[in-house]
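Undergrad: fold the stuff below for me.
(one chain, ligands or ions: 1)
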Amino acid sequence: MSTPYAEVIGDPIVQSKSPLIHGFWLRALGLSGDYRHAHLKPDDLAAYIAQRRADPDWRGCNVTMPHKGAVMELVDDPGDIRSTIGAMNTVVRQRDGALIGTNTDAAGFYSPLAELDLEGAPVAVVGAGGAARAVLFALARANVGPVTILNRSPLKAMGLLATFGLKGDVVALDAQLPPASLLVNASSLGMKGQPPLDLDLSPLPGDAIVYDLVYSPLQTGLLKAAEARGLDTVDGLDMLIGQAALAFELFFGAAPPEGRDEELRALLTA
Ligand code: NAP
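TA: Now for the predicted structure:
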């Protein structure tokens, strides 16, 4: 009997934690299926998609750097991804071989915040790259209040406010923070091998939430500083697990098991 499988594609790819996450859920649910890394250079992307499209066992793939833009041109239905988030992280094969593309990062980012009412709340976002686009897309949908973007390249950040129809402003990385209800680090700062993100958190109110998308290391300097101030924090594994959960259901037709997140987090941080 054939085994359904999905993959994560990128260059490099061995660092991806997606096979660990999907493998954990497949085992926990007792489902027959496989999820693996596929190392792919940009020149090989089109041939990969054509070959996999013909394989009925292939349920689809997650897409990481540097293919998130190019893959949008290779699927049959990219939805509104091109004009919104502008990057695709999931391709799903339909039974007839048609390929649908989507982006689960925005919903994955928002999943730990879903219980909160952020309508009208002031938010600060650090960064203006691919992850920031998914964050701003989700924040626009949640009708948050003014958004202050802190970024090294201000022009790029201004364009993003306009793209997502958000009110707010753009300031330098060393500017004082606004009194935001939510601070999100969507930049690479604080990641292993990158400079730290040094922010003075004192302008944030006592009930603010600090959310760092960086998950390597998991306990970033920003999260440590927020905890020292007694603020609530959300780390990058929540988004990683949230975006994977949506893709898992699309690939394997079942929701991930409930109540197993702590076990999964322990596996991912081992
Ligand atoms: P990206 O598209 O390359 O964007 C990087 C951002 O960081 C840009 O805003 C860039 O500023 C800024 N930056 C990078 N190096 C900098 C430096 N030395 N000084 C100042 N600013 C710097 O990367 P991305 O895909 O958005 O990823 C950003 C982070 O989010 C990464 O740490 C990634 O691991 C994390 N992430 C996590 C998840 C998750 O599921 N938890 C998902 C996606 C991404 P400029 O605009 O000025 O270049």
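Undergrad: spell out which residues of the stretch 51-200 of the chain are next to the ligand.
TA: Residues of the stretch 51-200 of the chain lying close to the ligand by CB under 6 Å from any ligand atom are 105, 127-132, 151-153, 156, 186-189, 191, 194-195. In short, each C-beta sits where N, CA and C put it, glycine included.
Undergrad: who's in contact with the spatially most central residue of the chain?
TA: In the chain, the centroid-proximal residue (CA atoms, centre = their mean) is Asp105; its distance is 3.4 Å. Contacts for Asp105 (CB atoms under 8 Å, 6 or more residues apart in numbering) come out as Ile85, Ala87, Asn89, Ala131, Ala134, Met239, Gln243.
Undergrad: columns distance to Thr3 and neighbour count on top of those, output as CSV?
TA: Converted to CSV, those look like this (distance: CB to CB, whole Å; neighbours: other CB atoms under 10 Å):
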residue, distance to Thr3, neighbour count
Ile85, 32, 24
Ala87, 30, 21
Asn89, 24, 26
Ala131, 32, 23
Ala134, 31, 27
Met239, 29, 28
Gln243, 24, 24
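Undergrad: returning to what we had before: so of the residues of the stretch 51-200 of the chain next to the ligand, which ones are in helices?
TA: Asp105, Gly130, Ala131, Ala132, Lys156 (DSSP state H).
Undergrad: on the pLDDT front, check the residue of the chain found nearest the ligand for me.
TA: Of all residues in the chain, the one sitting closest to the ligand is Gly129 (2.0 Å; CB to the nearest ligand atom). On pLDDT, Gly129 comes in at 90.
Undergrad: please apply the same query to the one 5 residues further on.
TA: At Ala134, the model reports a pLDDT of 95.
Undergrad: look up which helix or strand it falls in, please.
TA: helix 130-141 (DSSP states H and E).
Undergrad: any residues touching that helix, and which ones?
TA: Helix 130-141 has contacts (CB under 8 Å, 6+ apart) with 68, 84-87, 103, 105-107, 109-110, 118, 123, 125, 147, 149, 151, 157, 160-161, 163-166, 184, 186-187, 213.
Undergrad: go again with 6 Å.
TA: Applying CB atoms under 6 Å, 6 or more residues apart in numbering, the contact partners of helix 130-141 are 84-87, 105-106, 109-110, 123, 125, 160, 164-166, 184, 186, 213.
Undergrad: how about that helix as CSV, C-alpha atoms only?
TA: What follows is helix 130-141 as a C-alpha-only set of coordinates in CSV (Å, rounded to 0.1, in the frame of the first residue of the first chain):
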residue,chain,number,x,y,z
GLY,A,130,8.9,38.2,4.9
ALA,A,131,7.8,37.4,8.5
ALA,A,132,6.8,41.0,9.2
ARG,A,133,4.5,40.8,6.1
ALA,A,134,2.6,37.8,7.5
VAL,A,135,2.4,39.6,10.9
LEU,A,136,1.1,42.8,9.4
PHE,A,137,-1.4,40.9,7.3
ALA,A,138,-2.8,39.2,10.5
LEU,A,139,-2.8,42.5,12.5
ALA,A,140,-4.7,44.3,9.7
ARG,A,141,-7.3,41.6,9.8
